[in-house]
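K.L.:
pasting the sequence and the predicted coordinates here, then a few questions.
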Amino acid sequence: MNTSSVHARRRPPLPPGASLAKVILTTWLILMGGLTSMRVLAGETIESPPMQVLARIDVDFNIESLGIPLYAHLVDAEERRYVLTIDTVSHLDALKRPYQILDGDATGRGYILARDRSHGLLTRQASGTLSVLHDDGRRLILRGEPGLDERLSTLGFDLKRLGHTPMAFRPARRERVLEAVAPLPAVRDMIRKVSAGGLRSHTARLSGITPASIGGLPYRISTRHTASGTPIQKAGQYILEQLKTFGLRVSYQNWSLHGYTGRNIIGEIRGSRFPNEIVLVTAHLDDMPATGNAPGADDNASGCASALLAADIMRRYQYDRTLRFVFFTGEEQGLLGSEAYARSIANQDIVGVFNMDMIAYNTLESNPVMRLHIRPTGNPGHAGDALLANRFVSVVRTYGLSSAITPINTADGEDASDHSTFWDHGFAAILAIEDDYNDFNPHYHTRRDTQDILDFPYFTAFTKASLGTAAHLSGTPSALPLRPDFIVSSINLVPLSPVQGVSFTAKVTVKNRGTAAGDGGLLDVWLNRASAAGCDSAGNQRLTVGELGPGVSKTLTFDNLLAGAPGAKTFRAFVDSACEATEGVVTNNQGVRPYTVR
């Protein structure tokens, strides 16, 4: 460690008309302070911006009291807490504390933090091929050169880009989140509904084992890599359509950063008492490897499946606060999607962020440990994170999950997932992950990260605790009134591509996803309608659905449908088309199926 550093730079040619004394003075200023460079031209002195450096400062007290711009608060392999700063040497010297310069010219540069979860194996394998500024035993710090992110991800590193603005700090508001929880009947009922079958179904579709219904057509998701084009677009569409079917308010957020583009998917259950207070439940959708088949079952179809199942169950209840489910892309390239999203909500009232990343791997017959990563002590955000983590621990204990899962609060400032971008903006957040210290998935970032390696009892318990934590963070949940909820669950055309002027058949399955029996009313179908139909719109054919109990499906057959002119068409079905039923959700009654007339 050093308290000062002199950075010699190549001296430019002597400017015409400049005296040797002035040049000597300029050089002395640069060498002595590393602060301000001066150019002397024809007797005129022009002052340039101060030179900035990237430095590490070990610190075991409140980091905000340093009074300098801070970009990361980390813990190294020897459990030493330190911060990263980009500042001038004169400001660092004024602290009168030891510091270590990692990059002597940080002006305008970007940096990547590369987390090595292999206890140094990845770092040793990459030795000699990377220009490393610093290795703290857990992560490497490198300049953000073009293409380096993809290379590091392919090698198996977890990435985070150092922000271009300093970290923000917000005081923890303890009155908003109580650590201990009392059991609530509504939460107990929600937890009881979490099933391994539901998790297995979503994971199988997201990891490509079984086709997913996307836009009314089956599609097998072979990869979810951020730059994969159609596959990641389809995976995001699957998430959005599922959330829309659940009745959530849905939207995309497009982003473009560091040469990548993508879109986040958002679904929301609006709070009834404090709708502007928001609880975020998050997971990243994208995966690795970058080429070929990339199932990403654990990383991170598991977190997405858990969030989807939670949204499906939780939609049947009402909450004091707003619950918002957000699925990010660009995580593997340095948390890009979450960075764009965190910026966009910087002025919103976020109670807390619960981020799930890799929650389904556990060596069979081992202790079912999982980690809750929070910021280190000495960070002003530590208290807020600890409240969220302690809430999770309390849920595990209160609802009898202790035998199936063992949470450990880990105050190490782990920054290798999307929660840390919310830390940078001052929000309380935690990373919920499998035991990434002692039982980490050995198939991470490979084609062997498949569903058959997952521990579903562990995965199910993890999801139950996550759902319970989100429910308690939302205030006091209560069951919505018992109501039916009709949806079009599938449309099958026989033949799939009918011939012009020839009759074909449509088999439309409707389902009551609600909590009470109800009359499904009329089912109308249109042979070619791209836009949504309004209530009482007459289709090309109509059948009566009749009474359906909760969870019951019924398939209705439309015969003698006459195929029109050749070309691409959109078959549309609308259950309860007269809008007579009082439903829990009124926005999910229509379904479509693209097809082509020959």
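P.N.:
That came through fine.
K.L.:
which stretches in the stretch 101-250 of the chain count as strands?
P.N.:
Taking DSSP state E, counting those that start in this stretch as the criterion, the stretch 101-250 of the chain contains strands spanning 111-115, 132-135, 139-143, 158-161, 212-214, 217-219, 249-257.
K.L.:
also the stretch 351-500 of the chain?
P.N.:
According to DSSP E, counting those that start in this stretch, the strands that the stretch 351-500 of the chain contains are 369-373, 406-410, 429-434, 478-479, 486-494.
K.L.:
how about residue 379, nearest residue that isn't a chain neighbour?
P.N.:
Nearest residue to residue 379, sequence neighbours excluded (CB to CB, 6 or more residues apart in numbering): residue 73, at 5.0 Å. Yep, even glycine has a C-beta here, placed from its N, CA and C like the rest.
K.L.:
next, count neighbours for that neighbour.
P.N.:
Burial measure for residue 73: 23 neighbouring residues, criterion other CB atoms under 10 Å.
K.L.:
would you agree it falls within a helix?
P.N.:
No. According to DSSP: H, G, I helix; E, B strand; the rest coil, the state of residue 73 is strand, so it is not within a helix.
K.L.:
got the contact list for it?
P.N.:
Residues touching residue 73, when contacts are defined by CB atoms under 8 Å, 6 or more residues apart in numbering, comprise 63, 81, 82, 83, 167, 375, 376, 378, 379, 413.
K.L.:
what pLDDT does the model give it?
P.N.:
Residue 73 is assigned 97 on the pLDDT scale.
K.L.:
same deal with the one 4 residues further on?
P.N.:
At residue 77, the predicted lDDT confidence score is 95.
K.L.:
next one: residue 3
P.N.:
On pLDDT, residue 3 comes in at 35.
K.L.:
got any ranges where the stretch 301-450 of the chain has weak pLDDT?
P.N.:
Counting by pLDDT under 70, the stretch 301-450 of the chain contains no low-confidence residues.
K.L.:
meant to ask about the chain, not that
P.N.:
Per-residue confidence for the chain (pLDDT under 70) gives these ranges: 1-49, 172-179.
K.L.:
show me where it has helices.
P.N.:
20-33, 89-95, 121-126, 148-155, 185-192, 196-206, 230-245, 302-314, 336-344, 382-398, 419-424, 456-473 (DSSP state H).
K.L.:
using a markdown table, lay out these together with mean neighbour count and distance to residue 498.
P.N.:
Supplementary listing: the helices of the chain in a markdown table, determined by neighbours: other CB atoms under 10 Å; distance: least, CB to CB, whole Å:
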| stretch | mean neighbour count | distance to residue 498 |
| --- | --- | --- |
| helix 20-33 | 14 | 78 |
| helix 89-95 | 18 | 74 |
| helix 121-126 | 15 | 55 |
| helix 148-155 | 19 | 45 |
| helix 185-192 | 17 | 44 |
| helix 196-206 | 20 | 28 |
| helix 230-245 | 20 | 25 |
| helix 302-314 | 27 | 34 |
| helix 336-344 | 23 | 41 |
| helix 382-398 | 22 | 53 |
| helix 419-424 | 27 | 49 |
| helix 456-473 | 25 | 42 |
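K.L.:
to residue 405, which of these lies closest?
P.N.:
In terms of CB to CB, the element of the helices of the chain nearest to residue 405 is helix 456-473, at 4.3 Å.
K.L.:
picking that back up, give me whichever of the strands of the stretch 351-500 of the chain is most buried.
P.N.:
Burial among these, expressed as mean neighbours by mean count of other CB atoms under 10 Å, is greatest for strand 429-434, which shows a mean of 28.
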